[in-house]
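Chemist: can you look at this prediction? I've put the sequence above it.
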Amino acid sequence: MIAYINRIKRALPEIPLGYVDAYYQFIERPKLIEACDISPVNCYPYWEGCSIEDSLYRAQQMFGEATDAAKGKKVIVTESGWPSEGGSLKGAFSSKENAMRYFINIQKWSENAAIDLFYFSSFDESWKVGTEGDVGAYWGLWDKNEKLKF
């Protein structure tokens, strides 16, 4: 991956380049973040089994860990969200209420802290049921028929 990043940086030096992955990948692979100009990270407290009550704090921790690993490079949260349906994972429970609560909390935090954040996802993706279990298809603010859930 680093060889590809360096190749693209040589070809397009005027464009800041980053590699998107889970926040912990950059902590575990410091040479990867060294090769990048920016640090685009995915932060999902749900996938770590975090309760909705602690989810914002955990997202902030994830961002902080990624920021420390980035050593001054811009960190962008490229994905963060909460499923509105499906099962649970340890203390993380999917529900419409929890999904909206997480959405509001993460949006307020990113705005107040001036953090670039992309919420995942706009629309449910029904094809993800198999690959991400019973919650995979329900991360959107709109359902698969483009109807706003909230």
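Modeler: Yes, it's here.
Chemist: who touches the helix or strand hosting Phe63?
Modeler: In this assignment (DSSP states H and E), Phe63 forms part of helix 52-70. For helix 52-70, contacts defined as C-beta atoms under 8 Å, 6 or more residues apart in numbering pick out 23-24, 26-27, 30, 33, 39, 41, 43, 45-46, 48, 50, 75, 77, 80, 82, 91-93, 98, 101-102, 105-106, 109, 115. Heads up, the C-betas are built off the backbone N, CA and C, glycines and all.
Chemist: run the last query once more with 7 Å
Modeler: Helix 52-70 has contacts (C-beta atoms under 7 Å, 6 or more residues apart in numbering) with 23, 26-27, 30, 33, 39, 41, 43, 45, 48, 50, 75, 77, 80, 93, 98, 101-102, 105-106, 109, 115.
Chemist: for it, give the mean pLDDT please.
Modeler: Across helix 52-70, pLDDT averages out at 98.
Chemist: how about stretch 34-42?
Modeler: 96.
Chemist: what residues of that stretch count as buried?
Modeler: Counting neighbours by 16 or more other C-beta atoms under 10 Å, one finds that the buried residues in stretch 34-42 are Ala35, Cys36, Ile38, Ser39, Pro40, Val41, Asn42.
Chemist: just flag the most distant two among the residues you listed.
Modeler: Ala35 and Asn42 (18.2 Å; C-beta to C-beta).
Chemist: picking that back up, just send the buried residues of stretch 34-42 back as JSON lines, with secondary structure and distance to Met62 too.
Modeler: Shown next, in JSON lines, are the buried residues of stretch 34-42 (DSSP: H, G, I helix; E, B strand; the rest coil; distance: C-beta to C-beta, whole Å):
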{"residue": "Ala35", "secondary structure": "helix", "distance to Met62": "21"}
{"residue": "Cys36", "secondary structure": "coil", "distance to Met62": "17"}
{"residue": "Ile38", "secondary structure": "coil", "distance to Met62": "17"}
{"residue": "Ser39", "secondary structure": "strand", "distance to Met62": "12"}
{"residue": "Pro40", "secondary structure": "strand", "distance to Met62": "13"}
{"residue": "Val41", "secondary structure": "strand", "distance to Met62": "7"}
{"residue": "Asn42", "secondary structure": "strand", "distance to Met62": "9"}
